[in-house]
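# Sequence unavailable; structure follows:
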């Protein structure tokens, strides 16, 4: 049989585990999810840098294709 002292310890623990802990866990992960939806300053600057690099590479590829078109017009069919 459970003693009265044990009952006074188990009742708050039970209430905590049934009501408080699930709400706490859900709120914690909801806040994490909401903050991770937005880009951090570091992520935004990295994305901007990568975008600039991609534009540079695109320009270089277009220049190479223009040079190849002038030197060897059939290069696209051979590749």
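Thanks, I have the structure now. What you are looking at is a predicted structure, and each value in this text was computed from that prediction instead of being measured.
# what mean pLDDT does the longest helix along the chain have?
Across the chain, the longest stretch assigned as helix under DSSP state H is helix 41-71. Taken as a whole, helix 41-71 has an average pLDDT of 95.
# Would you mind listing the buried residues in that helix?
Buried residues in helix 41-71, counting neighbours by 16 or more other CB atoms under 10 Å, are absent. In short, each C-beta sits where N, CA and C put it, glycine included.
# So residue 40 versus residue 31, what's the distance?
15 Å (CB to CB, to the nearest Å).
# I meant residue 16, not that one.
20 Å.
# And residue 72, by the same measure?
59 Å.
# How about residue 45?
Residue 45 sits 24 Å away from residue 31, going by CB to CB.
# Residues contacting stretch 51-66, please?
If you take CB atoms under 8 Å, 6 or more residues apart in numbering as the criterion, stretch 51-66 is touched by no other residue.
# tell me the domain ranges of this structure?
Domain assignment for the chain, taken from automatic domain parsing, gives 1-38, 39-79.
# Let me know the average pLDDT across the first one.
In this model, domain 1-38 carries a mean pLDDT of 89.
# Can you get me the centre-to-centre distance for that domain and its chain?
28 Å (CA atoms, centre = their mean, to the nearest Å).
# do the same with stretch 60-70
For stretch 60-70, the distance from its own C-alpha centre to the chain's C-alpha centre is 37 Å (CA atoms, centre = their mean).
# Could you give the separation of stretch 40-52 from the chain centroid?
13 Å.
# just stretch 28-39 next, same as before
Counting by CA atoms, centre = their mean, stretch 28-39 comes out at 10 Å from the chain centroid.
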